[in-house]
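[1] Predicted model, plus sequence, below.
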Protein chains: 2
Amino acid sequence: MIDFDAYIAKLDWKREPHGLYEPIEYALSSGGKRLRPMMVLYGCSLFGGDVQKALPVALAVELFHNFTLLHDDIMDNAKIRRNKPTVHVRWNNATAILSGDQMNIEAYKALEKVSEDKLGVILRLFNTMTTQICEGQQYDMDFEHSDSVTVEAYLDMIRLKTAVLFAVSLQMGGYMADASEQNQEILYNLGLNIGMAYQLQDDYLDTYGDVKTFGKEIGGDICENKKTFLLLSALQETSAYTEELQGWLKKTDFVRQEKIQAVREIYDKLQIPEKIEKKIEEYTKKAFILLQECPQNEIQKNVYNLIVHLSKRES
Amino acid sequence: MIDFDAYIAKLDWKREPHGLYEPIEYALSSGGKRLRPMMVLYGCSLFGGDVQKALPVALAVELFHNFTLLHDDIMDNAKIRRNKPTVHVRWNNATAILSGDQMNIEAYKALEKVSEDKLGVILRLFNTMTTQICEGQQYDMDFEHSDSVTVEAYLDMIRLKTAVLFAVSLQMGGYMADASEQNQEILYNLGLNIGMAYQLQDDYLDTYGDVKTFGKEIGGDICENKKTFLLLSALQETSAYTEELQGWLKKTDFVRQEKIQAVREIYDKLQIPEKIEKKIEEYTKKAFILLQECPQNEIQKNVYNLIVHLSKRES
């Protein structure tokens, strides 16, 4: 397998104008799990393809993902990303907007290296994916101002915003390996389920994680009344705690730790942790079943281990 | 020739989520000259190509151009565009960032319709162009905080930010018509010279235009100390008016009309209007010479008339 982290570290961003490319280098150098490019490479090697040929697609996916983080951080006014100040904090909004735009373009530039006979399909798949990610982000922002978000609407939002990227990454990898349309569909659904489980695990960790391993503050979602699977599940049915929960949601002046603890206790009484764990397990199980349908090789075992690892992750 | 305005008006943006696509429709519906897609179509038909086949490229260029305006308006904190509130004013920054991102993606989606045998080259040309536009915007922002910007650096900045889009648009049109590499180079240089003249005319009109025909406030560049060809030419040589001009640049508290009139008078005494007119004429002349090298047909006459029209434009 390719060491993608080393590959991306070798990219040269020492270009002029410095002010445009330095923030790109900064954003990419802060690591991250490189999960999405891994999906492209796994999708390719699962079906016996040459991962070198899938590398431009893997790079495009990672560049695009990091571009969305950069712009999302402006929109969400996030101050910290991967233990470093976000680009718009370290520089300013204009720089973050423009460098993000260039990062988006760099993703499309990476696609230039896709072989001519496959470029048309890859461009279409890539565009469908990037469009759905933007649509997901818009729904996420719309939800902030809506009082009628259902758990189902939330799951559909994270499908667009997070899971489709995993899905299309695996699919594109498969396409680069000349996998059949049927197998590409399996890869797509495999990625979709991995991605759904991944995002729900994120929701879980934001409330129940350990600050030492999670790497960011715990309880941010609770303090911001973020409509996650946890909160929406808790609000879905009227219970003895509905009023208390609504009270916390309306409070504008509160001690963070008090609100976090109180809401977490309500979640516990409503067995929300069990509910989300069950949901994550459901998606993970589906992923395992789909993985069974893929060729039984060494890569399949790697993907299996990755899914297990992700479902147990604490960061 | 195709009625590009009618073509773009027919695009359907009534998609979900509404909050993502409505600002795109809003930005595109406010008109504009549609010059850049015209360049693509002219480049194609000059060399006898089928403009229908170049239409996806023309659309991509227009979408990308409008995306840059949308994001530039956030960066520059511009309130009005084409007599309407800008997207970030009408909605908010987050909406303008995300809808702009989607508009950028829509440009790349438009390229999906380029025939497979031409897609690779078009994608490369398009990416080179979009990258240079971002680089130009970065230089433009860098110039705000620099005291050592030369006229030459300024001309190079507008080459990237404005002229390359005209250049590559004409070139891509030619490529779609199977024009030879040599002819594509002619088209590129033709566009570059049209674009340079176009931007300098913009600078001229911002200071010397008539508010009635120009459609926006006159003197904005002067009030903001924007480093345009006019200001940089005036600062280039020490003159009897250097001190007075520097004084106006340093003043933070001034009556707009007083500053505009005073700086304009300095420009007049230094014969800056004559200098910029000469420069515009130089680029226009070069464009005419390059156009002579193109096939002598009806389209050539149209392009000739367009160049004349642009060099005399008052809006």
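    Everything's here; your move.

[2] so the residue in the stretch 101-250 of chain A positioned nearest to chain B is in which element?
    Per C-beta to the nearest C-beta, A:Q138 is where the stretch 101-250 of chain A lies closest to chain B, at 4.0 Å. (Each C-beta comes from the backbone N, C-alpha and C, glycine too.) If you go by DSSP states H and E, A:Q138 is part of helix A:116-144.

[3] gap between the two ends of stretch A:153-168?
    Terminal residues of stretch A:153-168 lie 21 Å apart, using C-alpha to C-alpha, to the nearest Å.

[4] model confidence over the helix holding A:Q138, on average?
    Regarding helix A:116-144, the rounded mean pLDDT is 98.

[5] got the buried residues for the next helix or strand after that helix?
    Where DSSP H and E defines the elements, the next helix or strand beyond helix A:116-144 is helix A:151-158. Residues of helix A:151-158 classed as buried: A:151, A:154-155, A:157-158 (neighbour count, 16 or more other C-beta atoms under 10 Å in any protein chain shown).

[6] give the contact list for the closest residue to A:Y208 other than its chain neighbours.
    Nearest residue to A:Y208, sequence neighbours excluded (C-beta to C-beta, 6 or more residues apart in numbering or on different chains): A:P273, at 6.3 Å. With contacts defined as C-beta atoms under 8 Å, 6 or more residues apart in numbering or on different chains, the neighbours of A:P273 are A:204, A:208, A:267.

[7] Can you flag which of these belong to helices?
    A:204, A:208, A:267 (DSSP state H).

[8] quick one: which of the contacts of A:P273 is most hemmed in?
    Highest neighbour count within the contacts of A:P273: A:Y267, with 23 neighbours (other C-beta atoms under 10 Å in any protein chain shown).

[9] now the helices for the stretch 51-200 of chain A?
    Using DSSP state H, counting those that start in this stretch, the helices found in the stretch 51-200 of chain A span residues A:51-75, A:87-90, A:93-110, A:116-144, A:151-158, A:164-176, A:181-208.

[10] returning to that earlier point: just list the residues touching the residue of the stretch 101-250 of chain A closest to chain B, thanks.
    Contacts of A:Q138 by C-beta under 8 Å, 6+ apart are B:17, B:19-20, B:98.

[11] mind running it again at 10 Å?
    Shown in contact with A:Q138 (C-beta atoms under 10 Å, 6 or more residues apart in numbering or on different chains): A:157, A:160-161, B:16-21, B:94-95, B:98-99, B:102.

[12] now these in CSV, with pLDDT?
    Below are the contacts of A:Q138 laid out as CSV (pLDDT from 0 to 100):
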residue, pLDDT
A:M157, 98
A:L160, 98
A:K161, 98
B:E16, 97
B:P17, 98
B:H18, 97
B:G19, 97
B:L20, 98
B:Y21, 98
B:A94, 97
B:T95, 97
B:L98, 98
B:S99, 98
B:Q102, 98
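
[13] give me the low-pLDDT residue ranges for the stretch 101-250 of chain A?
    Applying pLDDT under 70 to the stretch 101-250 of chain A flags the ranges A:215.

[14] redo that, cut-off 50
    Scanning the stretch 101-250 of chain A for pLDDT under 50 picks out nothing.

[15] At the contact with chain B, which residues of the stretch 151-300 of chain A appear?
    Contact residues, the stretch 151-300 of chain A versus chain B (C-beta under 10 Å from any C-beta of the partner chain): A:157, A:160.

[16] A:E144: neighbour count?
    13.

[17] Same question for A:D101.
    For A:D101, using other C-beta under 10 Å, the count is 25.

[18] so how far is B:A96 from it?
    According to C-beta to C-beta, to the nearest Å, A:D101 stands 12 Å off from B:A96.

[19] Pull up the overlap in contacts between the two.
    By C-beta under 10 Å, 6+ apart, A:D101 and B:A96 have these common neighbours: B:H71.

[20] and the residue of chain A most remote from its centre, how far is that from A:L192?
    Most distant from the centre of chain A: A:A240, at 34.3 Å, with distances by C-alpha atoms, centre = their mean. Look at A:A240 and A:L192: by C-beta to C-beta, they are 36 Å apart.

[21] hang on, the earlier thing: chain center to the helix holding A:Q138, what's the gap?
    Centroid separation for helix A:116-144 versus its chain: 13 Å, with C-alpha atoms, centre = their mean, to the nearest Å.

[22] quick one: that helix to helix B:93-110, angle?
    Helix A:116-144 and helix B:93-110 are oriented at 160 degrees to each other (axes from the mean of the first three to the mean of the last three C-alpha atoms, to 10 degrees).

[23] tell me how far the ends of stretch A:212-219 are from each other?
    Across stretch A:212-219, first to last residue, C-alpha to C-alpha, it's 13 Å.

[24] Now do the buried residues in that stretch.
    In terms of neighbour count (16+ other C-beta under 10 Å), stretch A:212-219 has its buried residues at A:214, A:218-219.

[25] Which strands and helices lie in contact with the helix or strand harbouring A:E243?
    Element membership of A:E243 [criterion: DSSP H and E] is helix A:242-250. The contact analysis (3 or more C-beta pairs under 10 Å, 6 or more residues apart in numbering or on different chains; DSSP states H and E) places helix A:242-250 against helix A:220-223, helix A:229-236, helix A:256-269.

[26] what's the most buried one of those helices?
    Burial of those is given as mean neighbour count (mean count of other C-beta atoms under 10 Å in any protein chain shown); helix A:229-236 ranks first at a mean of 20.

[27] now it and helix A:242-250, what's the angle there?
    Using the same axes, to 10 degrees: helix A:229-236 against helix A:242-250 is 130 degrees.

[28] Extract the C-alpha trace of helix A:229-236 and format it as CSV.
    What follows is helix A:229-236, C-alpha atoms only, in CSV (Å, rounded to 0.1, in the frame of the first residue of the first chain):
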residue,chain,number,x,y,z
PHE,A,229,-28.4,12.4,16.5
LEU,A,230,-28.2,12.6,20.3
LEU,A,231,-30.2,15.8,20.8
LEU,A,232,-32.8,14.9,18.0
SER,A,233,-33.3,11.4,19.5
ALA,A,234,-33.8,12.9,22.9
LEU,A,235,-36.3,15.4,21.5
GLN,A,236,-38.1,12.9,19.3
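
[29] And that helix, what does it pack against?
    Contacts defined by 3+ C-beta pairs under 10 Å, 6+ apart place helix A:229-236 against helix A:151-158, helix A:181-208, helix A:220-223, helix A:242-250, helix A:256-269, helix A:272-292.

[30] if I pick A:T228, what's in contact with it?
    Taking C-beta under 10 Å, 6+ apart, we find A:T228 in contact with A:143, A:151, A:154, A:158, A:199-200, A:202-204, A:206-207, A:221-222, A:234, A:276.

[31] what do you get if the cut-off is 7 Å, keeping everything else the same?
    If a contact means C-beta atoms under 7 Å, 6 or more residues apart in numbering or on different chains, then A:T228 has A:203, A:221 as its contacts.

[32] what's the residue closest to the geometric middle of chain A?
    Central residue of chain A (C-alpha atoms, centre = their mean): A:T162, at 4.2 Å.

[33] Could you measure from that one over to A:N193?
    As judged by C-beta to C-beta, A:T162 and A:N193 stand 12 Å apart.

[34] got it, and A:Y154?
    Distance from A:Y154 to A:N193, by C-beta to C-beta: 16 Å.

[35] Kindly report the same for A:K10.
    Distance from A:K10 to A:N193, counting by C-beta to C-beta: 33 Å.

[36] and what of A:A287?
    Here the criterion is C-beta to C-beta. By it, A:A287 lies 4 Å from A:N193.

[37] next one: A:L55
    Using C-beta to C-beta, A:L55 is found at 25 Å from A:N193.

[38] which residues touch A:L28?
    Contact partners of A:L28, counting by C-beta under 7 Å, 6+ apart, are A:8, A:66.

[39] And it, which helix or strand is it part of?
    Assigned by DSSP H and E, A:L28 belongs to helix A:18-29.

[40] Any idea how far that helix is from the middle of the chain?
    21 Å.

[41] That helix: which residues count as buried?
    Buried residues in helix A:18-29, defined by neighbour count with 16+ other C-beta under 10 Å: A:19-28.
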